[in-house]
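> dropping a prediction and its sequence here:
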Amino acid sequence: MKPFIFLLLLGLHEVTSVTHSLKYFYTGSSGVLNFPEYVSVGMIDDVQISRCDSITKRNVPKQDWMKHISDDDPQYWEEETQSCLVSHQIFKINIDIAKQRFNQTEGAHVFQRMYGCEWDDETGEVNGYDQFGYDGEDFLSFNLETETWIAPRQQAELTKHKWDHDRASIAYNRNYLTQICPEWVKKYVNYGRSSLMRTVLPSVSFLQKTPSSPISCHATGFYPNKADLVWRKDGEEIHEGVDKGEILPNHDGTFQMSVEMDFSSVPEEERKKYECVFQLSGVKEDVIIKLDRAVTLTNEKNALTTMIIAIVAAVVLLAAVALIGLFVYRKKTASSTFSTSSRYSNLPSQTSSLSASESSSDGAETR
């Protein structure tokens, strides 16, 4: 029985509305070793599209299809680079100000900004955000509804009052987050449509450490990352005894997630009523997989396989040793008339062999 169930959906997949996002992450640092003083990253639908840092001092595309923007706007990447260089200088000033506010004179410190918007391609609904953080904690955030800044820390109050009274900047922020940003979302999605709008269904497996451990429904290889994975019984979603993990990236650009459920109190004959349901944004049909112990991977199965392999390897090794012993015995018998000196004259001395080992070891250490 194959351990993985590869999912095939029957019928046509009807595309529903999709929410696209554009986010920019700016990070300035002070006293952080082996890390650029400033880094900016652009993300469309959680896919990196651009990067700039204080070492390269260039804003460059991170997706091949982003290079085509230059066809329509030859100055695009040069303007993005200049914007990056200006932001770098601003962030250096912001860090110095923050260190003064927190009465800090040394140590490693990080100042961050995340801003962008989400746009629903069917309803046209837009949601914008602009947030600042310092040393891993919230520092300032913009409330688009009230058009005011929120300061969760006392050290940010001075900036909040100043920015709240700058109505020109408030108006610009609102216009960018609700008008300009969504337009850029549409442009980027159009450039990368073949990649961003694709839907890839996952392979799913049931995993269990021991027969008494919770059973995990694991889906991997899906795209996009707007997905959900749940346990159901008789069509009803189950929440009690369920532990849902986060959506994590795979190295190939797809995603994975798991949802774990404790079946210790569920009789074996009742478990066939349970199913794992995967839902992917952009695909109307749910993927439904019935729980089946026959295809549930456990450590015991893996241990059994490992044991079988070990036994086979041991048998092969013993056979090899026996053959070698027989060969040596026959050769010794055939050459029993040789003198002691002639038997060992072609072997290297222990001193030269040990020196070679030391030399090799030293070379490996210093490489």
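Everything's here; your move.
> show me the beta-bridge partners of the residue nearest the centre of the chain.
By CA atoms, centre = their mean, the mean C-alpha position of the chain lies nearest to residue 249, the distance being 3.2 Å. The partner list for residue 249 in beta bridges (DSSP bridges) reads residue 255.
> isn't it up against residue 255?
Yes. Contact criterion CB atoms under 8 Å: residue 249 and residue 255 qualify, at 5.8 Å. The way it works is simple: take the backbone N, C-alpha and C, and place the C-beta from them, glycine included.
> got any residues that touch both of the two?
Residues touching both residue 249 and residue 255 (CB atoms under 8 Å, 6 or more residues apart in numbering): residue 225.
> please tell me how far the residue nearest to the centre of the chain sits from residue 217.
Distance, residue 249 to residue 217, using CB to CB, to the nearest Å: 19 Å.
> hang on, residue 147 packs against residue 177?
No. Taking CB under 8 Å as the definition, residue 147 is not a contact partner of residue 177, at 10.5 Å.
> which one of these two has more residues nearby?
residue 177 (20 against 13; other CB atoms under 10 Å).
> ok, now which ones touch the residue nearest to residue 196 when sequence neighbours are not counted?
In space, and not counting its chain neighbours, residue 196 is closest to residue 45: 5.3 Å by CB to CB, 6 or more residues apart in numbering. Residue 45 makes contact with 20-21, 189, 196, 224 under the criterion CB under 8 Å, 6+ apart.
> tell me, how many residues neighbour residue 88?
Using other CB under 10 Å, residue 88 has 20 neighbouring residues.
> count the residues that sit near the closest residue to it other than its chain neighbours.
Nearest residue to residue 88 in three dimensions, chain neighbours excluded: residue 38, at 4.0 Å (CB to CB, 6+ apart). Neighbourhood size, residue 38 [other CB under 10 Å]: 24.
> kindly report the same for residue 279.
Residue 279 - counted by other CB under 10 Å - has 15 other residues nearby.
> okay, now the unreliable bits of the stretch 201-350 of the chain?
Across the stretch 201-350 of the chain, residues meeting the criterion (pLDDT under 70) sit at 299-350.
> helices of that one, start to end?
With DSSP state H, counting those that start in this stretch as the criterion, the stretch 201-350 of the chain has helices at 299-334, 340-344, 350-366.
> now the stretch 51-200 of the chain
Remark: helices assigned in the stretch 51-200 of the chain by DSSP H, counting those that start in this stretch are 69-72, 76-101, 157-164, 167-175, 181-191, 193-196.
> so for the second one, what gets flagged as buried?
Right, helix 76-101. Buried residues in helix 76-101, defined by neighbour count with 16 or more other CB atoms under 10 Å: 76-77, 80-81, 84, 87-88, 91-92, 94-95, 98-99, 101.
> sorry, back to before: so for residue 56, which of the helices of the stretch 51-200 of the chain sits nearest?
helix 76-101 (9.5 Å; CB to CB).
> packing partners of the closest one?
strand 19-30, strand 38-44, strand 47-53, helix 69-72, strand 109-120 (3 or more CB pairs under 8 Å, 6 or more residues apart in numbering; DSSP states H and E).
> could I get the CA-only coordinates of the first one as CSV?
Okay, so that is strand 19-30. Output of strand 19-30 as CSV, limited to C-alpha atoms (Å, rounded to 0.1, in the frame of the first residue of the first chain):
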residue,chain,number,x,y,z
THR,A,19,-7.4,38.4,-2.3
HIS,A,20,-4.0,39.7,-3.6
SER,A,21,-1.5,41.5,-1.3
LEU,A,22,1.4,43.8,-1.8
LYS,A,23,3.8,44.2,1.2
TYR,A,24,7.1,46.0,1.7
PHE,A,25,9.4,45.1,4.6
TYR,A,26,12.1,47.6,5.6
THR,A,27,14.7,46.7,8.2
GLY,A,28,17.4,49.0,9.6
SER,A,29,19.9,47.7,12.1
SER,A,30,22.6,49.0,14.4
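> what inclination does that strand have with respect to helix 181-191?
110 degrees (axes from the mean of the first three to the mean of the last three CA atoms, to 10 degrees).
> just the second one next, same as before
Regarding strand 38-44 and helix 181-191, their directions subtend 70 degrees when assessed with the same axes, to 10 degrees.
> how far away from the center of its chain is strand 38-44?
Centroid separation for strand 38-44 versus its chain: 16 Å, with CA atoms, centre = their mean, to the nearest Å.
> quick check: buried residues in it?
38-44.
> tell me the two of the residues you listed that are most distant?
Every pair of the buried residues of strand 38-44 checked by CB to CB; the farthest is 38 and 44, at 21.4 Å.
> any idea what residue 231 is bridged to?
Bridge pairing for residue 231 - DSSP bridges - gives residue 276.
> actually residue 208, sorry about that
Beta-bridge partners of residue 208, as defined by DSSP bridges: residue 298.
> from here on, call the first residue 21.
Right, with 21 as the first residue, what we last looked at is residue 228.
> the helices of the stretch 71-220 of the chain: which one's closest to residue 156?
helix 96-121 (12.5 Å).
> make CSV from the helices and strands packed on helix 96-121 and add mean pLDDT and distance to residue 187 to it.
Converted to CSV, the helices and strands packed on helix 96-121 look like this (pLDDT from 0 to 100; distance: least, CB to CB, whole Å):
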stretch, mean pLDDT, distance to residue 187
strand 39-50, 96, 24
strand 58-64, 97, 27
strand 67-73, 96, 31
helix 89-92, 93, 33
strand 129-140, 97, 19
